[in-house]
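In: have a look at this prediction, sequence included:
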There are 4 protein chains.
Amino acid sequence: MSRLVELGRGLGVGGGAPVAVAAGPCSVESRAQIMATAASVAASGAVLLRGGAWKPRTSPRDFQGLRAEGLTLLSEAREATGLLVVTEVMDVETAELIAEHADVLQVGARNMQNFSLLRALGRMRKPVLLKRGLSATLREWLAAAEYVLAGGNDRVVLCERGIRTFEPATRNTLDLSAVPVLREMTDLPVFVDPSHGVGIRSCVPAMCLAAVAAGADGLLVEVHPAPDEALSDGAQSLTLDGFGDVMRRLSPVAEAVGRSLAAWKK
Amino acid sequence: MSRLVELGRGLGVGGGAPVAVAAGPCSVESRAQIMATAASVAASGAVLLRGGAWKPRTSPRDFQGLRAEGLTLLSEAREATGLLVVTEVMDVETAELIAEHADVLQVGARNMQNFSLLRALGRMRKPVLLKRGLSATLREWLAAAEYVLAGGNDRVVLCERGIRTFEPATRNTLDLSAVPVLREMTDLPVFVDPSHGVGIRSCVPAMCLAAVAAGADGLLVEVHPAPDEALSDGAQSLTLDGFGDVMRRLSPVAEAVGRSLAAWKK
Amino acid sequence: MSRLVELGRGLGVGGGAPVAVAAGPCSVESRAQIMATAASVAASGAVLLRGGAWKPRTSPRDFQGLRAEGLTLLSEAREATGLLVVTEVMDVETAELIAEHADVLQVGARNMQNFSLLRALGRMRKPVLLKRGLSATLREWLAAAEYVLAGGNDRVVLCERGIRTFEPATRNTLDLSAVPVLREMTDLPVFVDPSHGVGIRSCVPAMCLAAVAAGADGLLVEVHPAPDEALSDGAQSLTLDGFGDVMRRLSPVAEAVGRSLAAWKK
Amino acid sequence: MSRLVELGRGLGVGGGAPVAVAAGPCSVESRAQIMATAASVAASGAVLLRGGAWKPRTSPRDFQGLRAEGLTLLSEAREATGLLVVTEVMDVETAELIAEHADVLQVGARNMQNFSLLRALGRMRKPVLLKRGLSATLREWLAAAEYVLAGGNDRVVLCERGIRTFEPATRNTLDLSAVPVLREMTDLPVFVDPSHGVGIRSCVPAMCLAAVAAGADGLLVEVHPAPDEALSDGAQSLTLDGFGDVMRRLSPVAEAVGRSLAAWKK
């Protein structure tokens, strides 16, 4: 069984705790967008709000995020809904600032072996959500986690988000076998991000259900009020209603494997 | 929704029918082995017996299967248990003989683009279980299925069995996203083989649950009375008890996604 | 150093013999096409004529080759030019017929682990050109070769033709490191097929030069009198002039690494 | 044809300039080691000295480099031999310090999409050697280069160093087809690192020759006075004599493709 990692305000993941669902847009785009999303995903049962302020984008010409303004909006959304905030940290320079606004610091796939960043996060006292690199083996991923752990920060959560393969039909190939295999290699909790994993909106719900059935300790799901107008990752984002529907279908699957879904007390 | 494919004696898969589980050893090794396995997996709820008579092995020095004798033993096991038999066909030469003993003809991953074999199966009147090639894209897999369909045989079932990636911790990377993605590309039913997919006995149960949660129409599971003595694939075979345990855990997951497990009437 | 394998009429490959170049169209399409190609590639310095009569195609709706008629045309071209003929064998049924017309029997990437076919070729007395499977490891490839060797046919030549990776810019990823690595694992000669490896006409010449510099014992190059009208693989086929140009550039590279190009005595 | 990029003291790469060879150890380990290596590779014809001071290592328990002391030693070696120094930059914090000692700043494969680092290098006025990410497509690689170029630093050199595939026999799969394919996509010069690409000492020479035959503008080769005692990458490092031998064999190959090897005037 995995260790229990406390993410904030009493919410623990791993260690047999209920399955925690983080939901929200790829990028924070506006106050209206993030507030509407936060309220809706909270009502549907999410316990964490995800949303990018600094965005690592393949091309310098792509939208790079609202940055400091995005952080402020995330804080507002947390205030309004009680959701914990998880957002991405791209470099040492901005880590302290982001840590003031976020509850959980996400390291993206492209930075999984950014060892300078990992060392810096090891010196901080915030939980870290470490995504698997695009072509990282499980052993390399755990070795990357050790850079954080070695600094004295033992609150690390892993997040499978799909690996790069030859298959062009999906954005990545979601490696759900990582969930049970990691269970034998480490005691760190394991989340799954089906949105990046498959990259096709209509296929995300099935992979959410499968991830929980495989034993995931949490999910990271992209949700947007108007996915077709999203500035990034619209094709893989669920609508607000779509996310509500997934949560309703997820609950019985969690129960079928002896788990439940984490919830904030009302 | 997928089409309903009739496998024999009224058992249909796909089209919203109950989830069918095929179980049995990688190779038929002896009368005692196959009879004990068949009786046990039938009692645990499998509806098909899998077992190889002709075995495609990487090296000519590996065990190549009992061949004709293996077929006779599979027939005996079917007689004794009522399970339908699924076994692999490696070439045109032996296809007719195998078809006399088997209910479902399996095409292995290495032969997914053996077009001469696929054409021959298209002219026969037996259902075909077409495994995905080790590095076949979904489109190539469907194009391979068309070789069978084009011959007039419309009883084709696809079986995801893991793809080849860079990850050394697992035998293959089981691509469960193939299940929902194929649902949008084809109406052929989709099975999943978690045994080859992950290749680690202790991780097979979690992937069985995940496959059904993802919407699989059936499973193909390796089961052996004494896996450590198996002539092939022992490391990924469940014990008889282990399989029974999986079946008990599988039933509530199937129900949670609105399905049930196929069963023979007693 | 590799063993010398005799391909016919005194032409040996491997064992330090001159580098042999096979050239010709993907598919034999007509008498005019194959005769013009054969005459031209012979004049440019090829010693073998390649050309498919039976074609393994992804979809049953693609052109499947001229079959028996294609064999006859290849025989004619051999008669006219003195080139040895290498053509693909797809199944046991047609192997004997093809062997009557061809000097070298090619096993394509999709059939690298068609063990029934490999066994049949092991019983025949024709040299076999065994292409690497799309995702075959070097060890699996050598194990496949053993199926032929074990039958008593020791004239096996390996042919690297690119492996399947995540990179979409090229048709496959040509693994030229296979050439020196195989030199330490086996004494079988190694050919390289840059046409399938890279799949882009303008990049084929550079990979021909690189393959010879890496130590390849031979090349397999697709050449077509009118690539844009080819029924298959036109995008990667050199024109007749383009092939002549490659041969002129190849000769000094072969000499720079202490080899020469094989040639028929005039 | 590619653009000419000036690396320092009049040495240009790309644009049809002679092929530049960088050689040296994976890590700077001691004064004796780096001085002996520098003197020897200079005598053999290298024009750049490679050597890591900050080392990105998979595990925090691996040797992490001599850091500032390593930089000082690299400067000494440059002083003594006249070689330009190329060394890796891992983060923004140390970039300025490293730039004081190095002529060319290398971005390693794991940091290819460390966009904060790339932006910082775009603001500096040192040439950047950008290695391809472990599973980066050619398009992603060029988009990463744009992060540097967009900052006003137009001295970017690409370096192919092998990609991650399923093949376990080699450390990576060296994608030499990247050389001609990139020639059609960009005008940036392209280097090749056969040492990381293949990872097997005895196979590095063949891949050096092949890289130059394919049209590479330069090579990056690991050389160590006592590879078996190296603190990192010993298995793929050439000995001093081995490197000298490669240089002697490289010269005729360069000439065969109409190039020569870059050299400092004596």
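Out: Thanks, I have the structure now.
In: could you use CA atoms for every contact and neighbour count after this?
Out: Will do.
In: work out for me the element residue A:125 sits within.
Out: Under the criterion of DSSP states H and E, residue A:125 resides outside all helices and strands.
In: er, residue A:12 I mean
Out: In the assignment (DSSP H and E), residue A:12 maps to strand A:11-13.
In: tell me the strands beside the next helix or strand after that strand, with direction?
Out: Using DSSP H and E, the helix or strand that follows strand A:11-13 towards the C-terminus is strand A:20-24. Partners of strand A:20-24 in the sheet, by DSSP bridges, are strand A:48-50 (parallel), strand A:218-222 (parallel).
In: how about those strands in a markdown table, adding mean neighbour count and mean pLDDT?
Out: Converted to a markdown table, the strands paired with strand A:20-24 look like this (neighbours: other CA atoms under 10 Å in any protein chain shown; pLDDT from 0 to 100):
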| stretch | mean neighbour count | mean pLDDT |
| --- | --- | --- |
| strand A:48-50 | 31 | 98 |
| strand A:218-222 | 27 | 98 |
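In: CSV for those, including distance to residue A:126?
Out: Shown next, in CSV, are the strands paired with strand A:20-24 (distance: least, CA to CA, whole Å):
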stretch, distance to residue A:126
strand A:48-50, 15
strand A:218-222, 18
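In: those residues of the stretch 101-250 of chain A touching chain B, which are they?
Out: Counting by CA under 8 Å from any CA of the partner chain, the stretch 101-250 of chain A comes close to chain B at A:135-138, A:165-169, A:173-177, A:180-181, A:198, A:203, A:206-207, A:209-215, A:249.
In: nearest residue to the closest residue to chain B within the stretch 151-266 of chain A in space, please, no chain neighbours.
Out: Across the stretch 151-266 of chain A, no residue is closer to chain B than residue A:210, which sits at 4.2 Å (CA to the nearest CA). In space, and not counting its chain neighbours, residue A:210 is closest to residue B:210: 4.2 Å by CA to CA, 6 or more residues apart in numbering or on different chains.
In: how much space separates the one you found from chain D?
Out: 25 Å (CA to the nearest CA, to the nearest Å).
In: give me the residue from chain A nearest chain C.
Out: Proximity to chain C, evaluated over chain A using CA to the nearest CA, is greatest for residue A:166 at 4.3 Å.
In: surely residue A:17 touches residue A:3?
Out: No. Residue A:17 lies out of contact with residue A:3 (CA atoms under 8 Å); the separation is 9.6 Å.
In: touching, residue A:124 and residue A:153? I think so.
Out: Yes. Using CA under 8 Å, residue A:124 makes contact with residue A:153 at a distance of 6.8 Å.
In: compare those two (neighbour count), which wins?
Out: Neighbours of residue A:124 and residue A:153, each counted by other CA atoms under 10 Å in any protein chain shown, are more numerous for residue A:153; the result is 19 against 16.
In: what residues does that one make contact with?
Out: Residues in contact with residue A:153, defined by CA atoms under 8 Å, 6 or more residues apart in numbering or on different chains, are A:121-127.
In: go again with 6 Å.
Out: Applying CA atoms under 6 Å, 6 or more residues apart in numbering or on different chains to residue A:153 gives the contacts residue A:122.
In: are we agreed that it is in a strand?
Out: No. Counting by DSSP: H, G, I helix; E, B strand; the rest coil, residue A:153 falls outside a strand, being coil.
In: for chain A, give me the ranges with low pLDDT.
Out: A:266 (pLDDT under 70).
In: residues from it in reach of chain C?
Out: Residues of chain A lying near chain C by CA under 6 Å from any CA of the partner chain: A:165-166.
In: go again using 7 Å as the cut-off
Out: Within reach of chain C by CA under 7 Å from any CA of the partner chain, chain A has these residues: A:164-166.
In: so where do the strands sit in the stretch 101-250 of chain A?
Out: If DSSP state E, counting those that start in this stretch is used as the criterion, the strands of the stretch 101-250 of chain A fall at A:104-107, A:128-131, A:156-160, A:190-192, A:218-222.
In: ok so, going back, in helices only, show me the residues of the stretch 101-250 of chain A next to chain B.
Out: A:138, A:180-181, A:198, A:206-207, A:209-214, A:249 (DSSP state H).
In: do you know how far residue A:128 is from residue A:146?
Out: Distance from residue A:128 to residue A:146, counting by CA to CA, to the nearest Å: 12 Å.
In: same question, residue A:23
Out: Distance from residue A:23 to residue A:146, counting by CA to CA: 27 Å.
In: which one's more surrounded, these two?
Out: Between residue A:23 and residue A:146, residue A:23 has the larger neighbour count (other CA under 10 Å), namely 33 against 22.
In: now the more buried one. Nearest residue, chain neighbours left out?
Out: Closest residue to residue A:23 apart from its sequence neighbours, by CA to CA, 6+ apart: residue A:221 at 4.7 Å.
In: what's near enough to touch that neighbour?
Out: The contact partners of residue A:221, by CA atoms under 7 Å, 6 or more residues apart in numbering or on different chains, come to A:22-24, A:193-195.
In: just to revisit the earlier point, ok, the residue nearest to residue A:210 to residue B:163 distance?
Out: 17 Å.
In: neighbour count: these two, which is higher?
Out: Remark: of residue B:210 and residue B:163, residue B:210 carries more neighbours, 30 against 25, as counted by other CA under 10 Å.
In: tell me who's in contact with the most centrally placed residue in chain A.
Out: The residue lying closest to the centre of chain A (CA atoms, centre = their mean) is residue A:220, at 3.8 Å. Residues in contact with residue A:220 (CA under 7 Å, 6+ apart) are A:21-23, A:192-193.
In: that one and residue D:169, how far apart?
Out: Between residue A:220 and residue D:169 the computed distance is 36 Å (CA to CA).
In: run a quick neighbour tally on the residue of the stretch 101-250 of chain A found nearest chain D.
Out: Using CA to the nearest CA, the closest approach of the stretch 101-250 of chain A to chain D is made by residue A:143 at 5.0 Å. Look at residue A:143: counted by other CA under 10 Å, it has 18 neighbours.
In: and it, how far from residue C:239?
Out: 51 Å.
In: one more: residue A:205?
Out: 50 Å.
In: when the two are compared, which one has more neighbours?
Out: Neighbour count, other CA under 10 Å: between residue A:205 and residue C:239, residue A:205 has more, with 24 against 21.
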